[in-house]
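**Q** Prediction below, plus the sequence it came from.
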Amino acid sequence: MKTALILISIFCFFACHTETTHKKNIILLPNHNDTIIRLQTPIVTENKPQEDKYYTYFVIVADTSLNYFTLHKKMFELHRNFNIPIDTMGRYFNKDKNVIALPDNSEDEMYAGEYLPRRFPSSDLSLEYLKFYQSQADNKTIALVTGIYESEKEADSVLAVLYKVEKKVFKIKAKIYEDCVH
């Protein structure tokens, strides 16, 4: 019994352990054309205050809809036009449940078959529930997220480029929980 308790404790520690170093995508916007260039640079997250697990980020949303497939098509158009990677985190639209979800057989047993939101800075495209980033949004409104940024200046740069082709694009200042969700 004691051994089982120790093993469970060790599992929980490693399941909730977050690395102190992440790869951060930095976006540079050259003047000579409207493309987004991505550079990989390490970012150390140890400097973040540990007592508050919520962090303020700037989320760029290209469009919103109640229709997943409309935004899915638009996401691939942005991918082709700007060469922005897509990161679905393994999620898809489950028609039976009418929800964006991880597969039912996901390794993450707690969120298998459920929605797990994108919570960390990244300049990848994804489809998310807007409510997670904007509390007044409807529960079923889906957002085409084009990035989550630590710097408002970086977010504004992306916003300016995307606005040239997508007039619905907007920025959200969001408090996002980054600690363990298990």
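**A** That came in fine, so what should we check first? The model shown is predicted, which means the values in this text are computed figures rather than measured ones. Residues are numbered from 1 along each chain as shown.

**Q** What helix or strand is Arg69 located in?
**A** Just so we're on the same page, residue 69 is Phe rather than Arg. According to DSSP states H and E, Phe69 maps onto helix 68-82.

**Q** what sits up against that helix?
**A** For helix 68-82, the surrounding residues in contact (Cβ atoms under 8 Å, 6 or more residues apart in numbering) are 34-36, 62-65, 84-86, 93, 100, 125-127, 142-144, 146, 161-162, 165-166. All C-beta atoms are positioned from the backbone trio N, CA, C, and that covers glycine.

**Q** Swap in 7 Å and give it another go.
**A** Under the contact criterion Cβ atoms under 7 Å, 6 or more residues apart in numbering, helix 68-82 has outside partners 35-36, 62-63, 65, 84, 86, 93, 100, 125, 127, 142, 144, 146, 165.

**Q** Using CSV, write down the CA coordinates of it.
**A** The C-alpha atoms that make up helix 68-82 are tabulated as CSV, following Å, rounded to 0.1, in the frame of the first residue of the first chain:
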residue,chain,number,x,y,z
TYR,A,68,-15.6,24.4,-37.0
PHE,A,69,-15.2,23.5,-40.7
THR,A,70,-15.4,27.0,-42.0
LEU,A,71,-12.5,28.0,-39.7
HIS,A,72,-10.6,24.8,-40.4
LYS,A,73,-10.6,25.8,-44.1
LYS,A,74,-9.5,29.3,-43.4
MET,A,75,-6.8,28.0,-41.1
PHE,A,76,-5.3,26.1,-44.0
GLU,A,77,-5.5,29.1,-46.2
LEU,A,78,-3.5,31.2,-43.7
HIS,A,79,-1.0,28.3,-43.4
ARG,A,80,-0.5,28.3,-47.2
ASN,A,81,-0.4,32.1,-47.6
PHE,A,82,2.0,32.9,-44.6
